[in-house]
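J.: generate coordinates for the sequence data below:
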Amino acid sequence: MKQALIIIDVQNDYFPNGKYSLINSEVALQNTLKLQQYFRVKRLPIYYIQHIKSDPNANFFVKGSHGAKIHRSLLPIYPHEYIIPKAFPNSFYQTELQPKLQQENIEQLVICGMMSHMCVDSTTRMACELNYQPILIHDACATRDLLFDDKLIPAQTVHNSFMSALTVFAEVVSCKKFAGIEI
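T.: Model prediction:
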């Protein structure tokens, strides 16, 4: 079964000093780099999803800004690695992701990225609906604290809740469990 790695929105604005910093973004990045290396060694495709907002008044990921760029640790991009721009949380919606996956005859997606409760969630659900049998690497994802009913929901609780819910749509595993990659 041919696999591909989907790295969702690992962009500068989500890191310390960015416009929309996430909790544990650095830990998620380190595990993402291990996944990237694993896929590069096996010469399997990697898709970097890049959220771009065309509204110059957007809070983050503004087109052309430093914050919208893919994190420099993930670069350079090699053959069989693609940047897929998107404007919505779902990485498949109005993007070239699906046609690119079909061109490469991809049967299974390994997914990681940011934010657990938004783009990772919607992309993983769609990957399941499209029959890609997704594997979600939970410790290569990050999110942030959320507010609900005037109560602060800590990022780790948000993350765990979404990972738990996504077990219906994907195999949710650690970076170490996926192919024995050490954390």
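J.: can you pull the buried residues of the helix ranked longest in the chain?
T.: Identified as the longest helix of the chain according to DSSP state H is helix 25-41. With burial defined by 16 or more other C-beta atoms under 10 Å, the residues of helix 25-41 counted as buried are 25, 28-29, 31-36, 38-39. Glycine gets a C-beta too; all of them are placed from N, C-alpha and C.
J.: same question, stretch 120-129
T.: With burial defined by 16+ other C-beta under 10 Å, the residues of stretch 120-129 counted as buried are 120-128.
J.: returning to that earlier point: what about the longest helix of the chain, average pLDDT?
T.: Along helix 25-41, the predicted local confidence has a mean pLDDT of 97.
J.: Ile135: what's it in contact with?
T.: 108-111, 170-173, 178 (C-beta atoms under 8 Å, 6 or more residues apart in numbering).
J.: do Pro45 as well
T.: Contacts of Pro45 were listed using C-beta under 8 Å, 6+ apart, and they are 4-5, 39, 80-82, 100, 104, 106.
J.: from Ala165, how far out is it?
T.: Taken as C-beta to C-beta, to the nearest Å, the spacing of Pro45 relative to Ala165 amounts to 27 Å.
J.: likewise Ser65?
T.: Relative to Ala165, Ser65 is positioned 32 Å away (criterion: C-beta to C-beta).
J.: compare the two (neighbour count), which wins?
T.: For Ser65 versus Ala165, the count of surrounding residues by other C-beta atoms under 10 Å is larger for Ser65: 17 against 14.
J.: doesn't Tyr132 make contact with Ile106?
T.: Yes. Here Ile106 reaches Tyr132: they are 7.2 Å apart, a contact under C-beta atoms under 8 Å.
J.: higher neighbour count, the two?
T.: The neighbour comparison of Ile106 against Tyr132 (other C-beta under 10 Å) goes to Tyr132, with 23 against 20.
J.: can you pull the contacts of the more buried one?
T.: With C-beta under 8 Å, 6+ apart as the criterion, the residues that contact Tyr132 are 101, 106-109.
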